[in-house]
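Undergrad: My questions are about this predicted structure, shown below with the sequence.
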Amino acid sequence: DTAVSQTPKYLVTQMGNDKSIKCEQNLGHDTMYWYKQDSKKFLKIMFSYNNKELIINETVPNRFSPKSPDKAHLNLHINSLELGDSAVYFCASSLLLAGGPGEQFFGPGTRLTVL
Amino acid sequence: GENVEQHPSTLSVQEGDSAVIKCTYSDSASNYFPWYKQELGKRPQLIIDIRSNVGEKKDQRIAVTLNKTAKHFSLHITETQPEDSAVYFCAASKVKSGGSNYKLTFGKGTLLTVNP
């Protein structure tokens, strides 16, 4: 069973295009995230949703728009793609436990290449 | 906001040796410190974590220590094996009032190579 899944796995597109990445988790978690991992492997959080509500937006350009239709899904739409958007995008999910944050489970990643 | 520094950026050891990776954090309110392992082309996966009410935690060949006063924590891998080769990330987070608003701030990663 796939815990956190993302589609597509690879995305190659031209500058200026609009694209979407989809994420689904079947773990029953209440919190989902988007991370960007650049070419130097630096992992940086972009957004976090808890029960479909946006709770973290890390000064990401507003060309990036997340959307959570329900607790199990978090999609990322990117408008007017730029060369600097090329990266691996990871979705993750977790449960917020009584004692604090729980383990974050990552999806397989989507490698976005903007030409 | 939180800042996490991780050292070294690369580490090469012989099989069977120990490896130590160190991280420091800036926000004294941080209370959760996980370590993730990312193999080449794969997703990050949690290998061990520690909360601020504990000073040390061990799981087989892996251990993590936390010094809250100095605001640093370390990953120790003993008897390293070639399959330990990967990028290791430390992270820090805190739970804000209200409970749901927390985020992981990651270090920049350490590429560990275990030579057979």
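TA: Alright, I've got the coordinates. Numbers count the residues shown, from 1 in each chain, chains lettered A, B, ... in the order given.

Undergrad: so where is chain A shaky, pLDDT-wise?
TA: Within chain A, the stretches with pLDDT under 70 are A:1, A:98-100.

Undergrad: ditto for chain B
TA: Looking at chain B by pLDDT under 70, you get B:95-101.

Undergrad: partners of the residue nearest to the spatial centre of chain A in the sheet?
TA: By CA atoms, centre = their mean, chain A has its centre lying nearest to A:Trp34, at 2.7 Å. In this structure, A:Trp34 bridges to A:Phe47, A:Cys91 when assessed by DSSP bridges.

Undergrad: who touches it in this structure?
TA: A:23, A:45-47, A:66, A:74, A:76, A:89-92 (CB atoms under 8 Å, 6 or more residues apart in numbering or on different chains). Using the backbone N, CA and C atoms, a C-beta is placed for each residue, glycine as well.

Undergrad: which among those gets closest to B:Asn115?
TA: Relative to B:Asn115, the closest of the contacts of A:Trp34 is A:Phe90; by CB to CB it sits at 29.0 Å.

Undergrad: Okay, the residue lying closest to that closest one once chain neighbours are set aside and B:Ser30: tell me how far apart.
TA: Spatial nearest neighbour of A:Phe90, excluding adjacent residues (CB to CB, 6 or more residues apart in numbering or on different chains): A:Tyr35 at 4.4 Å. To B:Ser30, A:Tyr35 is 18 Å away according to CB to CB, to the nearest Å.

Undergrad: okay, the two: which has more neighbours?
TA: Using other CB atoms under 10 Å in any protein chain shown as the criterion, A:Tyr35 and B:Ser30 rank with A:Tyr35 on top: 25 against 21.

Undergrad: List the contacts of the more buried one.
TA: A:43-46, A:89-92, A:106 are the contacts of A:Tyr35 under CB under 8 Å, 6+ apart.

Undergrad: Give me the buried subset of the residues you listed.
TA: A:43, A:45-46, A:89-92, A:106 (16 or more other CB atoms under 10 Å in any protein chain shown).

Undergrad: what's the most distant pair in the residues you listed?
TA: A:Met46 and A:Phe106 (13.5 Å).

Undergrad: interface residues of chain A facing chain B?
TA: Neighbours of chain B within chain A, by CB under 8 Å from any CB of the partner chain: A:30-31, A:33, A:40-45, A:48, A:50-51, A:55-56, A:58, A:90, A:96, A:99-101, A:103-104, A:106-109.

Undergrad: rerun at 7 Å
TA: Applying CB under 7 Å from any CB of the partner chain, we find that chain A lies next to chain B at A:31, A:41-43, A:45, A:48, A:50, A:55-56, A:90, A:96, A:100-101, A:103-104, A:106-109.

Undergrad: Report the buried members of the residues you listed.
TA: Judged by 16+ other CB under 10 Å, buried ones among the residues of chain A next to chain B: A:31, A:41, A:43, A:45, A:48, A:50, A:55-56, A:90, A:96, A:100-101, A:104, A:106-109.

Undergrad: Let's see which of those end up in strands.
TA: Judged by DSSP state E, these include A:31, A:43, A:45, A:48, A:50, A:55-56, A:90, A:96, A:100-101, A:106 as members of strands.
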